[in-house]
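J.: Kindly generate the corresponding structure for this input.
(one chain, ligands or ions: 1)
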Amino acid sequence: MIKDNVRDALNAQMIREFFSSYLYLSMSAYFESINLRGFAAWLKVQAKEEMEHGMKFYGYLVDQGARITLKPIEGPKTEWGSPLDAFEHVLAHEQKVTAHIHDAVDLAAAEKDYATFNFLQWFIDEQVEEEQNAGDIVYRLKLASVEKGVALLFMMDHHLGKRGAK
Ligand code: FEO
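T.: Numbering: from 1, shown residues only. Okay, here's the model as predicted:
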């Protein structure tokens with residue numbers, strides 16, 4: 001049986017994952033508005049993945065017999081100054097998510113909740129990938145702004161658009 005404090009931490013993280021989905025969909029809409037459809041498609045896929053992350057927490061809490069409490073999700077930012085500004089926001093956001101996941105792992109360990117500790121390992125690995133993806137895009141956008149300008153930006157847009165948005 002999951003302890004109340006662990007349940008509350010996982011419930012809060014579930015809501016954060018749903019917020020991440022909302023944030024990235026908002027960012028996708030921003031890229032649509034500036035006609036960078038590849039970036040928009042990439043972020044739409046990311047939004048879907050974040051919803052799936054939230055549902056992993058939901059499913060785990062159900063499996064543990066815990067009562068889930070859905071709460072209001074704050075409105076995400078809707079405008080960014082540039083593609084680089086947007087992806088620096090993605091990277092900073094993912095770094096915050098990583099810190100929250102690590103806090104949840106610390107709590108599970110302190111409570112000797114080995115099932116939750118185990119469940120969270122997937123998220124630890126996932127966060128490494130999430131930060132790496134965002135960091136790579138930030139790096140390339142910085143290059144695009146100082147070296148090859150618009151041509152590289154459009155190449156990136158084309159490349160990111162292949163991620164498989166539906
Ligand atoms: Fe589900 Fe991007 O963290």
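
J.: From the structure, what's the count of residues near residue 107?
T.: The burial count assigned to residue 107 is 19, neighbours taken as other C-beta atoms under 10 Å. The way it works is simple: take the backbone N, C-alpha and C, and place the C-beta from them, glycine included.

J.: swap that for residue 131, please
T.: If we define neighbours as other C-beta under 10 Å, then residue 131 has 16 of them.

J.: Touching, it and residue 96? I think so.
T.: No. Contact criterion C-beta atoms under 8 Å: residue 131 and residue 96 do not qualify, at 10.6 Å.

J.: Might you enumerate the residues of this protein proximal to the ligand?
T.: Residues of the chain lying near the ligand by C-beta under 6 Å from any ligand atom: 17, 20, 50, 53, 94, 97, 130.

J.: mind redoing it with 5 Å?
T.: Residues of the chain found near the ligand (C-beta under 5 Å from any ligand atom) are 17, 50, 53, 97, 130.

J.: Would you confirm that the second one contacts residue 15?
T.: No. When contacts are counted by C-beta under 8 Å, residue 50 is not listed as touching residue 15 (11.5 Å).

J.: tell me the pLDDT at the closest residue to the ligand within the chain?
T.: Residue nearest to the ligand within the chain (C-beta to the nearest ligand atom): residue 53, separated by 3.7 Å. pLDDT recorded at residue 53 is 98.

J.: Thanks a lot, see you next time.
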